[in-house]
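Visitor: Coordinates for the following, if possible.
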Amino acid sequence: MIKKLKYNFIQLIVFILLFTSCKPFIEVTLKRPVELAVHSKKKIAMNVILNEEGQTDAESLTLTDEITEKLVMSKLFEIVDRQNINSYMQEHSLGQSGLIDENSGSASLGKIFSTGVMIFGRIQSNLYKEEESRSEPYTDSKGVTCVKHVRKGVLNYKVTLKLIDVETSKIIAVKSINGSAETTTNGVNKNAPTINFIKLKNESRQKVISKFVKLVNKTMKVAPVYEEVKKNIYFAKDANLPELFIALELIKSQKIDESIKLLETSANRTDLNSSVKAKAIYNYGAMLEVKGNYTEAIETYQDAIKLDNQNMFYKEALKSARKEKYYEDKYSED
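Guide: Next up, the predicted model:
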């Protein structure tokens with residue numbers, strides 16, 4: 001059976017069963033991304049984001065730095081050093097007019113950055129409003145007269161970001177991103193606590209960054225480059241678990257669903273002591289992992305560990321399944 005996972009990995013290409021070893025295993029071949037290449041757009045030049053007045057300030061610089069950091073951490077793009085951008089623009093008397101001087105600046109920058117994209121941005125709104133209110137008096141369960149005080153903070157935070165092809169000066173994406181956030185605090189018979197404005201600002205900023213990075217990924221059409229990796233998924237033998245070897249024989253005939261069903265039945269047996277039952281549950285999880293059902297495999301491994309929490313073999317399997325789940329989530333197709 002060849003199973004194509006939603007994130008474009010292919011499993012179960014090769015099966016090799018070794019019954020003579022201490023622990024029988026199935027060898028599967030996975031396709032994993034080894035690097036992520038950008039089709040046609042090889043570089044990103046991150047210009048400084050401007051504030052509402054078209055200038056730089058602490059917030060605009062922080063936003064610029066955090067977007068840059070996120071793009072670097074993704075390992076998807078080659079980020080052009082901002083100092084090189086600033087030096088070049090100063091040397092050639094290039095600047096921003098409004099949001100961007102894309103007709104002159106980006107075309108000239110294309111000469112030194114080859115193919116790539118330049119990001120310009122401007123904070124359109126960064127307005128914080130706070131309101132206080134209080135309820136009508138009421139009596140609580142203890143007969144005490146109470147008044148509830150409420151403090152509500154709303155941060156209207158919007159940023160417009162634009163992606164320019166530096167080779168052609170064409171706008172390839174423009175997006176007004178809303179990162180607005182709000183929070184409330186309450187106090188009974190006393191003023192509501194002060195709102196943590198810094199936390200609210202960070203929340204707003206992270207909303208903008210998350211949405212923008214998704215836009216960049218989509219616009220730049222990031223595609224994974226794969227390598228084949230062989231992985232052994234081991235099973236736990238036990239004389240009281242004859243189902244395991246029947247299941248492995250079924251795998252030889254590519255009958256993985258029947259194999260999983262058989263091991264699930266084995267895991268649900270009530271005549272086993274805790275150590276053997278842990279093995280039965282583990283084997284069920286291992287076969288789920290063979291098929292690529294990582295979420296279920298992780299949950300099943302955790303059940304086995306609950307019965308035998310000193311078993312490092314089970315813990316390593318859990319760690320490995322979580323790693324595969326990470327790949328699945330990170331590179332899943334929309």
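Visitor: C-alpha only now, for contacts and for neighbours.
Guide: Will do.
Visitor: pLDDT weak spots in the stretch 1-150 of the chain?
Guide: Counting by pLDDT under 70, the stretch 1-150 of the chain shows low-confidence ranges at 1-22, 32-42, 81-115.
Visitor: Let me see the ranges of the strands in it.
Guide: Taking DSSP state E, counting those that start in this stretch as the criterion, the stretch 1-150 of the chain contains strands spanning 3-4, 10-11, 25-38, 43-46, 78-80, 117-134, 138-139, 145-146, 148-165.
Visitor: Just name the most buried of those.
Guide: strand 43-46 (a mean of 23; mean count of other Cα atoms under 10 Å).
Visitor: then it to PDB, C-alphas only?
Guide: The C-alpha coordinates for strand 43-46 follow below in PDB (Å, rounded to 0.1, in the frame of the first residue of the first chain):
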ATOM      1  CA  LYS A  43      15.600  36.900  -1.700                       C
ATOM      2  CA  ILE A  44      13.600  39.100   0.600                       C
ATOM      3  CA  ALA A  45      14.700  42.600   1.400                       C
ATOM      4  CA  MET A  46      13.000  43.900   4.500                       C
END
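Visitor: Tell me which strands it pairs with, and in which orientation.
Guide: Sheet pairing of strand 43-46 (DSSP bridges) gives strand 78-80 (parallel), strand 117-134 (parallel).
Visitor: Please identify which of these is closest to residue 253.
Guide: Ranking the strands paired with strand 43-46 by proximity to residue 253 (Cα to Cα) places strand 78-80 first, at 46.5 Å.
Visitor: Run the chain-centre distance for the closest one.
Guide: On the basis of Cα atoms, centre = their mean, to the nearest Å, the separation between the geometric centre of strand 78-80 and that of its chain is 21 Å.
Visitor: hmm, who's touching that strand?
Guide: With contacts defined as Cα atoms under 8 Å, 6 or more residues apart in numbering, strand 78-80 is touched by 42-46, 68, 71-72.
Visitor: re earlier: closest one to residue 217 among the strands of the stretch 1-150 of the chain?
Guide: Each of these was scored for nearness to residue 217 using Cα to Cα, and the closest is strand 25-38 (9.1 Å).
Visitor: still on that earlier bit, taking the contacts of strand 78-80, tell me the two that lie furthest apart.
Guide: 42 and 68 (15.5 Å).
Visitor: any idea how far residue 125 lies from residue 213?
Guide: Residue 125 sits 20 Å away from residue 213 when distances are taken as Cα to Cα, to the nearest Å.
Visitor: How about residue 242?
Guide: Between residue 242 and residue 213 the distance is 51 Å, computed by Cα to Cα.
Visitor: Also residue 196?
Guide: 26 Å.
Visitor: go on, residue 259?
Guide: In this structure, residue 259 and residue 213 are separated by 42 Å, where distance is defined by Cα to Cα.
Visitor: ok, the two, which is more surrounded?
Guide: A direct count of neighbours by other Cα atoms under 10 Å for residue 259 and residue 213 places residue 259 higher, at 22 against 16.
Visitor: Next up, identify which helix or strand the more buried one is on.
Guide: Residue 259 is part of helix 256-267, with elements assigned from DSSP states H and E.
Visitor: Alpha carbons only: can I get the biggest helix by length in the chain in CSV?
Guide: Among all segments of the chain classified by DSSP state H, the helix with the greatest residue count is helix 197-220. Extracted C-alpha coordinates of helix 197-220, given in CSV (Å, rounded to 0.1, in the frame of the first residue of the first chain):
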residue,chain,number,x,y,z
PHE,A,197,-0.8,47.6,27.8
ILE,A,198,2.5,46.1,26.8
LYS,A,199,1.0,42.6,26.7
LEU,A,200,-1.9,43.9,24.6
LYS,A,201,0.5,45.6,22.2
ASN,A,202,2.6,42.4,21.9
GLU,A,203,-0.6,40.4,21.2
SER,A,204,-1.5,42.9,18.4
ARG,A,205,1.9,42.8,16.9
GLN,A,206,2.0,39.0,16.8
LYS,A,207,-1.3,38.9,15.1
VAL,A,208,0.0,41.1,12.3
ILE,A,209,3.3,39.1,12.0
SER,A,210,1.5,35.8,11.8
LYS,A,211,-0.9,36.9,9.1
PHE,A,212,1.8,38.6,7.1
VAL,A,213,4.2,35.6,7.2
LYS,A,214,1.4,33.5,5.8
LEU,A,215,0.9,36.0,3.1
VAL,A,216,4.6,35.9,2.2
ASN,A,217,4.6,32.1,2.1
LYS,A,218,1.6,32.0,-0.2
THR,A,219,2.9,34.8,-2.5
MET,A,220,6.4,33.4,-2.8
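Visitor: okay but residue 31 is in contact with residue 229, surely?
Guide: Yes: using Cα atoms under 8 Å, residue 31 is in contact with residue 229, at 6.2 Å.
Visitor: Averaged pLDDT, the longest helix of the chain. What do you get?
Guide: Predicted confidence along helix 197-220 averages 88 (mean pLDDT).
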